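> Sequence first, then the predicted structure:
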Amino acid sequence: MGLMGGEKATGNWTSLAKIDLYSRLNVPGLSKPYSDLPIDPKGDLKDSTNLVEVQIILICAYCAIILLGLVGNSLVIHVVIKFKSMRTVTNFFIANLAVADLLVNTLCLPFTLVYTLLGEWKLGPVLCHLVPYAQGLAVQVSIVTLTVIALDRHRCIVYHLESKISKKISFLIIGVAWAGSALLACPLAIFREYFSIELNHDFKMVVCAEAWPRESLVNYGTIYSVSMLLIQYVFPLVIISYAYVRIWSKLKHHVSPGAGNDHYHQRRRKTTKMLVCVVVVFAVCWLPFHIFQLVSDIDSKVLDLQEYKLIYTLFHVIAMCSTFANPLLYGWMNNNYRTAFLTAFRCEQQPDSIHPEVSPALKAKKNLEVKETTCNGLPFSQPTSV
């Protein structure tokens, strides 16, 4: 939508800069209509992101996140698909996390960096709607997947049950997670406006901003933002924290009756520790960003901060660090993934040793099945887990 002149085209360089700040990246909407923005011919809005030194740092930071995210998450997906011993329910969920992070690395971060450096949206109307939608979708999928993993392990460990989620059910859960997340993220694409502003004959600017309907004192942008904070962050982390606290308590007070059980118990503890670290990294990386968004929604004066754009960008960079952290945690804290990664780099067909997280009772049952199928001349492959 083009807009030349009219109500939205009033103002000067200061109000233009504020409009750009309000609409920058994925800020949840203006706190006031464009026509209500203050006009101060003597004002001068500071923007450190225009400094060459700051831009070089931002370019290096975003490029490092994109590169690490692409390599790490692609490697996770590769080993889960290639190695049959890695095709387990938990690993499917972990691969789903990698897919969501890859979506951010490929579709969100490069365009966000360009937008930050150029100071206006020059990527067209399609990406104006698509980029914030993709980021909202990926974040929602990630937190749903982390919640499902925590609840599944809670049921298995606390209640001494083997996971009854089949591979087909796990794919169904993943599909539902993507469909539900896509629905929740729809407002980010629908209530968005792409237009140009011409302040004078010498300067025109293209803006990509959220455009929520406004009815008297009701601010739908704020309502949506706070709702997503609860749905995408607060409620899931409460559930996940409860699940892992009970899991850790159960594992801590576990008494092993034999060496086999003890080895199996130690593997479960290591896997649970790794998954807890994944959740903690996600929560810590996104916490500053969510708090800043919430404060901006509650008090619109935050939008008038001279370094608003720089602060927002820094918090966004911290949040995006979660997109490459998971593969590093897998390789550092999990022997199976470390072995699979090394095998992939060596271009070998199968990992040398993948240790299954299977209880001794179930392992004995599988061994019996191996003998039976061997007697019948049938092939058999034992499933393994993280």
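Now that the structure is in, tell me what you want to look at.
> all strands of the stretch 1-150 of the chain, in order?
Taking DSSP state E, counting those that start in this stretch, the stretch 1-150 of the chain contains no strands at all.
> tell me, what residue is most central in this protein?
V139 (3.7 Å; C-alpha atoms, centre = their mean).
> Make sure it is actually in contact with P236.
No: using C-beta atoms under 8 Å, V139 is not in contact with P236, being 10.7 Å away. (C-beta placed from N, C-alpha, C; glycine too.)
> sorry, back to before: give me every residue that touches the closest residue to the residue nearest to the centre of the chain other than its chain neighbours.
Spatial nearest neighbour of V139, excluding adjacent residues (C-beta to C-beta, 6 or more residues apart in numbering): Q232 at 5.8 Å. Counting by C-beta atoms under 8 Å, 6 or more residues apart in numbering, Q232 touches 139-140, 143.
> Checking Q232 next. Helix, strand or coil?
Put simply, Q232 is helix when judged by DSSP: H, G, I helix; E, B strand; the rest coil.
> repeat for Y194
Going by three-state DSSP: Y194 is strand.
> Surely it and P132 touch.
No: taking C-beta under 8 Å as the definition, Y194 is not a contact partner of P132, at 11.8 Å.
> of the two, who's got more company?
Using other C-beta atoms under 10 Å as the criterion, Y194 and P132 rank with P132 on top: 24 against 20.
> I'd say W178 and V141 touch.
Yes: look at W178 against V141 with C-beta under 8 Å: they come within range, at 5.9 Å.
> So for these two, which residue has more residues nearby?
Between W178 and V141, counting by other C-beta under 10 Å, V141 is the more crowded of the two (23 against 19).
> Contacts only, for the more buried one.
96, 99-100, 177-178, 181.
> Tell me the helix or strand right after the helix or strand harbouring V278.
Secondary structure assignment for V278, by DSSP states H and E: helix 259-298. Using DSSP H and E, the helix or strand that follows helix 259-298 in sequence is helix 308-320.
> Compute the inter-axis angle for the next helix or strand after that following helix and helix 259-298.
Next along the chain after helix 308-320, taking DSSP H and E as the criterion, comes helix 322-333. The directions of helix 322-333 and helix 259-298 differ by 160 degrees, with axes from the mean of the first three to the mean of the last three C-alpha atoms, to 10 degrees as the criterion.
> what about helix 322-333, average pLDDT?
If you average the pLDDT over helix 322-333, you get 91.
> for it, which positions count as buried?
322-327, 329-331, 333 (16 or more other C-beta atoms under 10 Å).
> do the same with stretch 275-284
For stretch 275-284, burial by neighbour count (16+ other C-beta under 10 Å) applies to 275-279, 281-283.
> who's in contact with that stretch?
Residues contacting stretch 275-284 (C-beta under 8 Å, 6+ apart): 97, 142-143, 146, 149-150, 153, 233, 237, 240, 244, 248, 322, 325-326, 329, 333.
> And these, which of them are buried?
By 16+ other C-beta under 10 Å, those give 97, 142-143, 146, 149-150, 153, 233, 237, 240, 244, 322, 325-326, 329, 333 as buried.
> Farthest pair within these?
Spatial extent of the buried ones among the contacts of stretch 275-284 (C-beta to C-beta) is set by the pair Y233 and M333 at 23.9 Å.
> so which of the buried residues of stretch 275-284 comes closest to L75?
V278 (15.8 Å).
> Could you double-check that R153 lies in contact with K250?
No: between R153 and K250 there is no contact under C-beta under 8 Å: 10.3 Å.
> where does the stretch 201-350 of the chain dip in pLDDT?
201-202, 216, 253-265, 349-350 (pLDDT under 70).
> let's see it at 80
Filtered on pLDDT under 80, the stretch 201-350 of the chain yields the residue ranges 201-205, 214-219, 252-269, 297-306, 347-350.
> Tell me where the stretch 101-250 of the chain has helices.
109-118, 124-158, 167-190, 220-229, 235-252 (DSSP state H, counting those that start in this stretch).
> Quickly compare those and say which is most buried.
Ranked by mean neighbour count, those are led by helix 124-158 with a mean of 21 (mean count of other C-beta atoms under 10 Å).
> dump the residue contacts of L251.
Contacts of L251 were listed using C-beta under 8 Å, 6+ apart, and they are 157, 265, 268-269, 272.
> any chance of the residues you listed in a markdown table, with distance to L342 too?
Listed next are the contacts of L251 as a markdown table, based on distance: C-beta to C-beta, whole Å:
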| residue | distance to L342 |
| --- | --- |
| I157 | 28 |
| H265 | 26 |
| R268 | 23 |
| R269 | 23 |
| T272 | 23 |
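> Nearest to L217 among these?
Nearest member of the contacts of L251 to L217, counting by C-beta to C-beta, is T272, at 47.2 Å.
> Tell me if I'm right that that closest one and I247 touch.
Yes: using C-beta under 8 Å, T272 makes contact with I247 at a distance of 5.7 Å.
> Common neighbours of the two, please.
With C-beta under 8 Å, 6+ apart as the test, T272 and I247 both reach 153, 157.
> Now do the helix holding V278: distance to the chain's middle.
Distance, stretch centre to chain centre, for helix 259-298: 13 Å (C-alpha atoms, centre = their mean, to the nearest Å).
> Just the buried positions in it, please.
Result for helix 259-298 [16+ other C-beta under 10 Å]: buried residues 264-265, 267-279, 281-283, 285-286, 289-290, 292-294, 296-297.
> Fine by me, thanks again.
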